[in-house]
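Peer 1: build me a model:
(one chain, ligands or ions: 2)
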Amino acid sequence: QMVSQDWKYFNGSYYYFSYTPKTWYSAQQYCLSRDSHLTSVTSEQEQEFLYKTAGERVYWIGLTKTGSDRDWVWADGTPFSKAQSARFWIPGEPNNAGNNEHCAYLKRASLQAWNDGSCDIQFLFICRQPYIPSEL
Ligand code: 2F8
Ligand code: CA
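Peer 2: Ligands and ions are numbered 1, 2, ... in the order given. As a prediction, the model looks like this:
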């Protein structure tokens, strides 16, 4: 299943921290081509793993707005909980600056790490693939 050394294992998933920046959509396309999605973040432990591995670098995560109501959704289909996710935004975010910030990225090495930004910016990005133990 996991043929590349570039993927880091954490708590049931493999994570790919990219080396080249892409727009949010191109990053998601890249993850799909590697049988993965831009990562969702659903626990403090996962957020901590991500920001500690990210260090000073900035990475897209799999959070974007969709539909006429522009609600946040996870790219991998994980239900987005606004209440459970509130602790992961940088204070004051998401602020939808310029009415044009519809994608989220890891900006700070902190539990309060996310900012919303323009999806057209090129950032590094993090793909996640759940580890599925094989039969046999
Ligand atoms: O101060 C927070 C603010 O900082 C920048 O705007 C000046 C960010 N812009 C981009 O990342 C493109 C805002 O998203 C952020 O809210
Ligand atoms: Ca913002």
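Peer 1: contact residues of this structure facing ligand 2?
Peer 2: With CB under 5 Å from the ion as the criterion, the chain comes near ligand 2 at residues 93, 95, 97, 101, 115, 116. The C-beta positions use only the backbone N, C-alpha and C, and glycine is treated the same way.
Peer 1: how many residues are close by the last one?
Peer 2: When neighbours are defined as other CB atoms under 10 Å, residue 116 has 23 of them.
Peer 1: that one and residue 92 touch, don't they?
Peer 2: No - applying CB atoms under 8 Å, one finds residue 116 not in contact with residue 92, separated by 10.7 Å.
Peer 1: and residue 105, how far from residue 135?
Peer 2: 37 Å (CB to CB, to the nearest Å).
Peer 1: of these two, who's got more company?
Peer 2: Per other CB under 10 Å, whichever of residue 105 and residue 135 has more neighbours is residue 105, with 24 against 4.
Peer 1: A strand includes that one, no?
Peer 2: Yes - assignment of residue 105 by DSSP: H, G, I helix; E, B strand; the rest coil places it within a strand.
Peer 1: and the nearest residue to it once chain neighbours are set aside, what's its pLDDT?
Peer 2: Of all residues beyond its chain neighbours, the one nearest residue 105 is residue 60 (4.9 Å), with distances taken as CB to CB, 6 or more residues apart in numbering. According to the prediction, residue 60 has pLDDT 99.
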